[in-house]
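Undergrad: okay, predicted coordinates and the sequence, questions at the end:
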Amino acid sequence: MEIWIPITIAAAFLQNLRSALQKHLKGRLNTSGATMARFAYAFPFAIIYVVGLAWVFDFEWPGLTWLFVFWGVTGAMMQIFATALLVHLFSLRNFAAGTAFSKTETVQTAIFGIIILGDPLTVGAALAILISFFGVLGITIAQGNIALGSILASVRDKAAWIGIASGALFGMSGIAYRGASLALDGGEVVMRAAVTLACVLVLQTLVMGIYMRLRESGELTRLFAAWKVALWVGITGMLASACWFTAMTLQNVAYVRAVGQIELVFTFIASLVFFRESTNVKEVVGILLIVSGILLLLLG
């Protein structure tokens with residue numbers, strides 16, 4: 001088994017854990033505060049991670065390049081804007097359909113990867129990505145209690161285009177992070193990914209911090225007061241991101257994102273086993289399609 005596969009699965013599991021902690025935090029903070037927690041409480045651990053790799057494990061420091069700066073800043077800003085658009089969807093009447101359109105991220109990532117970085121995509125891999133995409137779409141439809149026909153009919157709706165734009169920005173941010181990591185001069189894969197992550201988190205913390213200081217200063221105070229939970233959001237978020245960045249440095253981002261959809265399988269299992277929530281046929285079919293797509297991608 002190629003090493004990027006277990007790293008991606010670990011990233012999906014840790015992201016699922018971070019999301020659960022973030023939902024708990026959402027009861028104390030607004031959306032901006034809960035989002036800021038994943039940056040502000042993660043970047044110190046990302047810096048410790050980089051320094052530890054260099055000083056303890058004697059990893060070589062990669063050289064910074066202007067191309068790295070370009071891709072790093074691009075990825076960081078796109079991720080912030082993508083998150084903002086996704087949050088904005090919830091204020092719209094047709095947010096469920098918009099959210100469904102945002103799930104086109106993996107398909108868009110594959111297209112952008114070919115155009116921007118020239119990452120190859122086989123016919124089998126493309127088919128696997130499409131299968132898993134329909135699985136994700138099926139789960140979204142089931143959870144939003146909306147019909148497929150209504151989603152197709154809403155393609156001209158504002159929410160649909162915001163969802164597509166959000167998915168595109170998330171996809172391009174992943175492409176940019178891979179580009180940034182590959183643009184570093186020298187260093188092992190793990191170290192390049194760690195340096196990219198640390199730089200991106202510092203930038204995102206500064207940008208979000210300035211925004212919240214100007215627009216939501218009271219929320220920053222509440223964020224620091226909620227440090228006991230936010231700290232764990234930061235730790236799990238940093239570990240998840242470290243795995244994502246390493247996997248994306250090693251492999252085509254579209255492949256990584258496709259396998260990373262196993263996060264929904266973890267969520268599905270948790271809802272059944274721990275929360276005793278009921279499920280329906282659409283969700284089960286969606287999970288089976290996701291698993292089938294992942295297996296086709298890995299075995300193809």
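TA: Done, it's in.

Undergrad: with only the CA atoms kept, save stretch 10-18 in PDB.
TA: Backbone C-alpha positions of stretch 10-18 (Å, rounded to 0.1, in the frame of the first residue of the first chain) are rendered in PDB as follows:
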ATOM      1  CA  ALA A  10      -5.700   9.400   9.100                       C
ATOM      2  CA  ALA A  11      -6.400  12.900   7.900                       C
ATOM      3  CA  ALA A  12     -10.100  12.100   7.300                       C
ATOM      4  CA  PHE A  13     -10.400  10.600  10.700                       C
ATOM      5  CA  LEU A  14      -8.700  13.500  12.500                       C
ATOM      6  CA  GLN A  15     -10.800  16.000  10.500                       C
ATOM      7  CA  ASN A  16     -13.900  14.200  11.600                       C
ATOM      8  CA  LEU A  17     -12.800  14.500  15.200                       C
ATOM      9  CA  ARG A  18     -12.000  18.200  14.800                       C
END
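
Undergrad: who's in contact with it?
TA: 38, 233, 236-237, 239-241, 243-244, 247, 259-263, 266-267, 270 (C-beta atoms under 8 Å, 6 or more residues apart in numbering). For every residue, glycine as well, the C-beta is placed using N, CA and C.

Undergrad: Provide a PyMOL selection command restricted to the buried entries of those residues.
TA: Paste this into PyMOL to select the buried members of the contacts of stretch 10-18, with burial taken from 16 or more other C-beta atoms under 10 Å:
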select buried, resi 38+233+236+237+239+240+241+243+244+247+259+260+261+262+263+267
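
Undergrad: so which of the contacts of stretch 10-18 are in strands?
TA: Judged by DSSP state E, the contacts of stretch 10-18 include no members of strands.

Undergrad: quick one, phi/psi of the closest residue to residue 270 other than its chain neighbours?
TA: Distances taken as C-beta to C-beta, 6 or more residues apart in numbering place residue 16 nearest to residue 270, at 7.5 Å, with adjacent residues excluded. Main-chain dihedrals, residue 16, degrees, to the nearest 10: phi -60, psi -40.

Undergrad: ditto for residue 185
TA: Per degrees, to the nearest 10, the backbone of residue 185 is at phi -90, psi 100.

Undergrad: what sits against the residue lying closest to it once chain neighbours are set aside?
TA: In this structure, residue 185 finds its nearest non-sequential neighbour in residue 63, 3.4 Å apart by C-beta to C-beta, 6+ apart. Listed by C-beta under 8 Å, 6+ apart, the contact set of residue 63 reads 184-187.

Undergrad: now which of these would you call buried?
TA: 184, 187.

Undergrad: and the next element down the chain from the helix or strand bottoming out on mean pLDDT in the chain?
TA: None of the helices or strands of the chain scores lower by mean pLDDT, DSSP states H and E than helix 148-153, at a mean of 57. Under the assignment DSSP states H and E, the closest C-terminal helix or strand after helix 148-153 is helix 158-183.
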